[in-house]
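In: Need the 3D shape of this:
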Amino acid sequence: MRWLPVLYVAGVLLLEPITPVEWPISFLLVALPLVTAFAHGPAVVAGASVFAVVFEGVLAGTPCCAGRSVGYLWDRHYVADYVCTALVGALGTILAAHRTRRERTLADVRFVAEIAQRVLLRPVPQRIGNLLVDSFYLSADAEARIGGDLYEAVPTAHGVRLLIGDVRGKGLLAVETAAALLGAFREAAHDESDLPTLADRVETSMNRRAEQLAGSEVGERFVTAVFAEIRADEHAVRVVNCGHPPPLRIRHGEVRELDSGRSAPPLNLGMLVGEPYPLDVYPFRPGDQLLLYTDGITETRDPDGAFYPLVERLRSWAPLPPQELLERLHHDLLAFSGNRLRDDTAALTACLLPGREADDEADDEEDVAVT
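Out: Okay, here's the model as predicted:
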């Protein structure tokens, strides 16, 4: 784009000698300021405008151009062309100044969004004890950068605690709700000794926040979430599911949904049921990977309307470590959707590294779900 004005002038020069006299190609230079305004600032556009007027005069006053015997420097048609070019140049300069200001504003907004994303969704540690952890986030709106999907991994005295969530709705309210939930989780993860109590405390925080909000949709401002816990002293993963897509366990090419069918209501709706959060425990041995994700992934569609086949894709990527697995998932989602995501997407993965002693006997255990 920056070389477009030069190419435009070169095209005019090529056409001028080969066109008849009654076709004054130099008139095309009237568009040069606007062509320049696409990629350059107001100073360059003003310079291009002056150049266009002068160059039109040179072409009009040169008898040899297009086989002319005399020049037409001050012919009324050419004078009108000079005036039009000057006016277009003034408009192009104003347009370039406006575009430059908008680009600077957009750059500032993107910078603020990136800072907000780092505060809200700060990068998770890639190594926590004997776990490899990684995450990624894709916003459906490329300019927004952040939305209502969230994740977190917190090392605590009770083990590594993971969270993935999806706030209902969009916009600033969703971001504020995600920030409130993450703040409550980061604090309570260190204090509560078991996962159901942790989920209940986060639920209480969300209820308290909802009561402080005005509007008719207070009761609908809920969050689907999965809480997971992996302790260093046992080969198991504890899961509390609050209305969220179940996590996936990847083991030797096998991909299994960790779903006991006892999902609790989404956060901020638990008061409607009043029952304790069900806790499910599944075997999780060295080499296993746990994938937590939001429904933006499974609801991604291709141009024909087909949903993204997450489980089938993961079966072929199972040997990949967490970082490479999420990179492959990231690029595959964009390719599958034709770079047109309809919803925010987030994913968090944890891989248990082999310990000093292999628990070979546990390989034959059946998966169980206990309260």
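In: Number of residues surrounding Pro5?
Out: Close neighbours of Pro5, defined as other CB atoms under 10 Å, add up to 23. For glycine as for every other residue, the C-beta is placed from the backbone atoms N, C-alpha and C.
In: can you pull the buried residues of the helix or strand harbouring Ala350?
Out: Element membership for Ala350 (DSSP states H and E) is strand 345-352. Under the neighbour-count criterion of 16 or more other CB atoms under 10 Å, strand 345-352 has 345-352 buried.
In: For those residues, give me CSV that also has distance to Thr85.
Out: Converted to CSV, the buried residues of strand 345-352 look like this (distance: CB to CB, whole Å):
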residue, distance to Thr85
Thr345, 50
Ala346, 53
Ala347, 55
Leu348, 58
Thr349, 60
Ala350, 64
Cys351, 65
Leu352, 70
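In: All the helices of this structure, residue numbers only.
Out: 4-15, 32-37, 42-61, 76-120, 171-191, 195-212, 295-298, 310-317, 322-337 (DSSP state H).
In: okay, and for the stretch 151-300 of the chain, where does confidence drop off?
Out: In the predicted model of the stretch 151-300 of the chain, residues 170-171, 213-221, 270-274 satisfy pLDDT under 70.
In: Please enumerate the strands of it.
Out: Under the criterion DSSP state E, counting those that start in this stretch, the stretch 151-300 of the chain contains strands at 159-167, 223-230, 236-242, 248-251, 254-257, 280-283, 289-293.
In: Going by contacts, tell me the helices and strands next to the third one.
Out: When you say that, I think you mean strand 236-242. Judged by 3 or more CB pairs under 8 Å, 6 or more residues apart in numbering; DSSP states H and E, strand 236-242 is in contact with helix 195-212, strand 223-230, strand 280-283.
In: Then the fourth one?
Out: Contacting strand 248-251 under the criterion 3+ CB pairs under 8 Å, 6+ apart are the following elements: strand 254-257, strand 289-293, helix 310-317.
In: rerun that using 7 Å as the cut-off
Out: Contacts defined by 3 or more CB pairs under 7 Å, 6 or more residues apart in numbering; DSSP states H and E place strand 248-251 against strand 254-257, strand 289-293.
In: cool, and the last one?
Out: With contacts defined as 3+ CB pairs under 7 Å, 6+ apart, the secondary structure elements packing on strand 289-293 are strand 159-167, strand 223-230, strand 248-251, strand 345-352.
In: elements contacting the longest one?
Out: Applying 3+ CB pairs under 7 Å, 6+ apart, we find strand 159-167 packed against strand 149-156, helix 171-191, strand 223-230, strand 289-293, strand 345-352.
In: and if you look at the second one?
Out: Based on contacts counted as 3+ CB pairs under 7 Å, 6+ apart, the elements that strand 223-230 packs against are strand 159-167, helix 195-212, strand 236-242, strand 289-293.
In: who's in contact with the first one?
Out: Contacts of strand 159-167 from elsewhere in the structure, counted by CB atoms under 7 Å, 6 or more residues apart in numbering, are 128-129, 131, 148-154, 174, 177-178, 181, 185, 189, 223-232, 244, 292-295, 346, 348, 350.
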